[in-house]
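Student: Structure of the sequence below:
(2 chains)
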Amino acid sequence: MDLAKNKRPSPQEESEPLFPSLYNFFSAITALTLFTGRYFKSVLLPPFEFNELVRQSFLIGYKSFPLVGITGFIMGLVLTIQSRPTLAEFGAESWLPAMVAVSIIREIGPVITALICAGKVGSGIGAELASMRVTEQIDAMEVSGINPFKYIVVTRILACTLMLPILVVFSDVIALLGSFLAVNINGDVTFTLYFSQVIDSLAFSDVFPAFVKTFFFGFAIGLIGCFKGYYTDKGTEGVGLAANSAVVLSSLLIFIMDMIAVQITDLLY
Amino acid sequence: MKQNNRNKIRLGVFVTLGVGLFILGIYLIGDRQKMFSKTFTLSGIFKDVSGLQVGNNVRFSGITVGVVENIEIVSDTAVRVDFSIDEHTKKFIKKNAKLTIGSDGLMGNKVAIIIPGTIGHREVQDKDFLVTTVPVSMDEILANLKTTSTNAATITDDLAAMLHSMRSGKGAVGKLFMDTVFADNLDKTLVNIKQGAGGFKKNMDAASNNVLLRGFFKKKKKDKDKEKEKESEKKTSK
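Tutor: Just a heads-up that it's a prediction; the model follows:
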């Protein structure tokens, strides 16, 4: 009767982790770290897939511009309209351009743009790479002598890293234009005065940390999208899962990186 | 291939514009902070900088002419502040100009203010020290406000006590306002005075028609007429 209880576990049972979810989490972290290391190794070594990089930059940067532009414009407009009553209570409406400019340049512009790109670009990369994996296109590349990691992964991550800062610059400028329009809905401020106040309120300590962190945001979006797509399994179901988890994880990473960036900026300035 | 080239051109324009906008923004911010213009340095020793920070603006006649470059404690009672000032304004700042610290509006940033010197003095030179004046700090204003409010509280207390005693009819003013008997008496007194004044007028009229006193009143009238004539003559001669 007790024999069943005292029976030694089979080798298969022995290899089962104690906490499967914890095991999966740490193994995913290890895989992501190795993937990042492989990227840095590949990005520096030839051959360089320049044409593919340009193509990906066009798709990720230029094609995302309309969406980022519209979002930026609405962001500036809404922020100004919402902030006006509070400032008006203190009789500080003239501070509106300064307040909006600092909010947009420092925080809202980079984070919102990165989140939009995580949704549009991250999911796209995840789904594209996952479907390539599922349809064995990546394996076919390996067979035909093309390094799929260099051609597919490196170009996408690099394009994301380089294009996001440019998208953020456009988004910030368009948001400030939206804010200028919102200021003029209830008031009468000239373009020169508005942008003079904006420039007056900004310092290098506002612009540079915000700009630098956008490179990291772009890198995170590209990296997570590629990682989730490149190592997908579960067939066609995996395509959807890869796209979904790429968006979720990259959005989460953006917030975590932003929190770290704010702490570092706070320490430095 | 054609489409590919077109995309490359679009991407090139997109990247160039983005980078251009960023550089323009950096240039404008740097220009405001006098990073790209020729500057000279002025310094001042303050007892208290009232929260002035590196990067705050320097104003001269209400115009931003520079920024605070460095703030350094030199002793327990002295803080040295260096200012980077636009070279173009050098000729307007005299040696006897003064430095003070103000505020950009009620809630705004601190600003260093150069109070212009007087004509006849030479213009400042690079690395000159200017005389500083002690800025009125918020703490001092609050301390004064506290004294004022204490005084106001004492005054209102006294006023309340006074009004209380008035309402209870104490003192001359209290009696005047609250004592109804007193008011009645006062009213009667006024009536008596009025009656007395009427009687006195009648007596005086009777006295002026009296034989014994008529000469006196006539003489008095003549003197009055003479004085009037003299005054009119003076006016015409003028």
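Student: Residue A:20 and chain B, how far apart?
Tutor: Distance check for residue A:20 against chain B: by CB to the nearest CB, to the nearest Å, it reads 45 Å. Placement of C-beta: from N, CA and C, glycine included.
Student: Could you give the number of residues near that residue?
Tutor: By other CB atoms under 10 Å in any protein chain shown, the residues close to residue A:20 number 9.
Student: What are the contacting residues of the helix or strand hosting residue A:66?
Tutor: Per DSSP states H and E, residue A:66 falls inside helix A:65-89. With contact meaning CB atoms under 8 Å, 6 or more residues apart in numbering or on different chains, helix A:65-89 is reached by A:93, A:95-96, A:99-100, A:103-104, A:108-109, A:112-113, A:116-117, A:120, A:167, A:170-183, A:185-186, B:14.
Student: For stretch A:63-72, output the C-alpha coordinates as PDB.
Tutor: Taking C-alpha atoms only, stretch A:63-72 is exported to PDB below (Å, rounded to 0.1, in the frame of the first residue of the first chain):
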ATOM      1  CA  LYS A  63       5.000  55.300 -41.500                       C
ATOM      2  CA  SER A  64       4.300  56.000 -37.800                       C
ATOM      3  CA  PHE A  65       4.600  59.800 -38.300                       C
ATOM      4  CA  PRO A  66       0.800  60.400 -39.000                       C
ATOM      5  CA  LEU A  67      -0.300  58.500 -36.000                       C
ATOM      6  CA  VAL A  68       2.300  60.100 -33.700                       C
ATOM      7  CA  GLY A  69       1.600  63.500 -35.100                       C
ATOM      8  CA  ILE A  70      -2.100  63.400 -34.500                       C
ATOM      9  CA  THR A  71      -1.600  62.000 -31.000                       C
ATOM     10  CA  GLY A  72       0.900  64.700 -30.200                       C
END
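Student: quick revisit: make a PyMOL selection of whichever of the contacts of helix A:65-89 turn out to be buried.
Tutor: Of the contacts of helix A:65-89, the buried ones go into a single PyMOL selection, burial set by 16 or more other CB atoms under 10 Å in any protein chain shown:
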select buried, (chain A and resi 93+95+96+99+100+103+104+108+109+112+113+116+117+120+167+170+171+172+173+174+175+176+177+178+179+180+182+183) or (chain B and resi 14)
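Student: May I see the buried residues of the helix holding residue A:66?
Tutor: A:65, A:67-69, A:71-73, A:75-77, A:79-81, A:83-84, A:87.
Student: just stretch B:14-29 next, same as before
Tutor: B:14-15, B:18, B:22, B:25-26, B:28-29.
Student: average pLDDT for it?
Tutor: In this model, stretch B:14-29 carries a mean pLDDT of 91.
Student: Give the burial count for the spatially closest residue to residue A:52 that is not a sequence neighbour, as a bare number.
Tutor: Spatially, and ignoring its direct neighbours in sequence, residue A:52 is nearest to residue A:155 (4.4 Å; CB to CB, 6 or more residues apart in numbering or on different chains). By other CB under 10 Å, the residues close to residue A:155 number 24.
Student: Check residue A:110 too.
Tutor: When neighbours are counted by other CB under 10 Å, residue A:110 registers 29.
Student: That one should be in a helix, yeah?
Tutor: Yes: applying DSSP: H, G, I helix; E, B strand; the rest coil, one finds residue A:110 inside a helix.
Student: mind listing what it touches?
Tutor: Counted by CB under 8 Å, 6+ apart, residue A:110 has contacts A:168, A:210, A:213-214, A:217, A:258.
Student: gap between the closest residue in space to residue A:191 that isn't next to it in sequence and residue A:80?
Tutor: Closest residue in space to residue A:191, ignoring its immediate chain neighbours: residue A:180 at 6.7 Å, by CB to CB, 6+ apart. Separation of residue A:180 from residue A:80 (CB to CB, to the nearest Å): 8 Å.
Student: Spell out the residue ranges of the strands in chain B.
Tutor: Secondary structure of chain B by DSSP state E: the strands cover B:39-46, B:57-60, B:63-75, B:78-86, B:98-103, B:110-115, B:128-132.
Student: which non-adjacent residue is nearest residue B:112?
Tutor: With CB to CB, 6+ apart as the criterion, residue B:112 has its nearest non-adjacent residue at 4.5 Å, and that residue is residue B:58.
Student: Bridged to the one you found, which residues?
Tutor: Counting by DSSP bridges, residue B:58 is bridged to residue B:66, residue B:112.
Student: gap between it and residue B:100?
Tutor: 11 Å.
Student: Common neighbours of these two, please.
Tutor: Any residue near both residue B:58 and residue B:100 by CB under 8 Å, 6+ apart counts here, and that gives B:112-113.
Student: Who has more neighbours out of these two?
Tutor: Legend: neighbour count by other CB under 10 Å for residue B:58 and residue B:100, higher for residue B:58 (24 against 19).
Student: which residues sit against the worst-scoring helix or strand of chain B on mean pLDDT?
Tutor: When each helix and strand of chain B is scored by mean pLDDT, DSSP states H and E, helix B:171-178 comes last, with a mean of 76. With CB under 8 Å, 6+ apart as the test, helix B:171-178 has contacts from B:165-169, B:182-183, B:186.
Student: Can I get the buried part of those residues as one PyMOL selection?
Tutor: Of the contacts of helix B:171-178, the buried ones go into a single PyMOL selection, burial set by 16+ other CB under 10 Å:
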select buried, chain B and resi 166
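Student: now, which of the contacts of helix B:171-178 sits nearest residue A:24?
Tutor: residue B:167 (85.4 Å; CB to CB).
Student: Burial check on the closest residue to that closest one other than its chain neighbours, number of neighbours?
Tutor: Leaving aside its sequence neighbours, residue B:167 sits nearest to residue B:178 (CB to CB, 6+ apart; 6.4 Å). By the criterion of other CB under 10 Å, residue B:178 has 16 neighbours.
Student: what does residue B:8 give?
Tutor: Neighbour count of residue B:8, defined by other CB under 10 Å: 15.
Student: Just to check, it is in contact with residue A:58?
Tutor: Yes: taking CB atoms under 8 Å as the definition, residue B:8 is a contact partner of residue A:58 at 7.4 Å.
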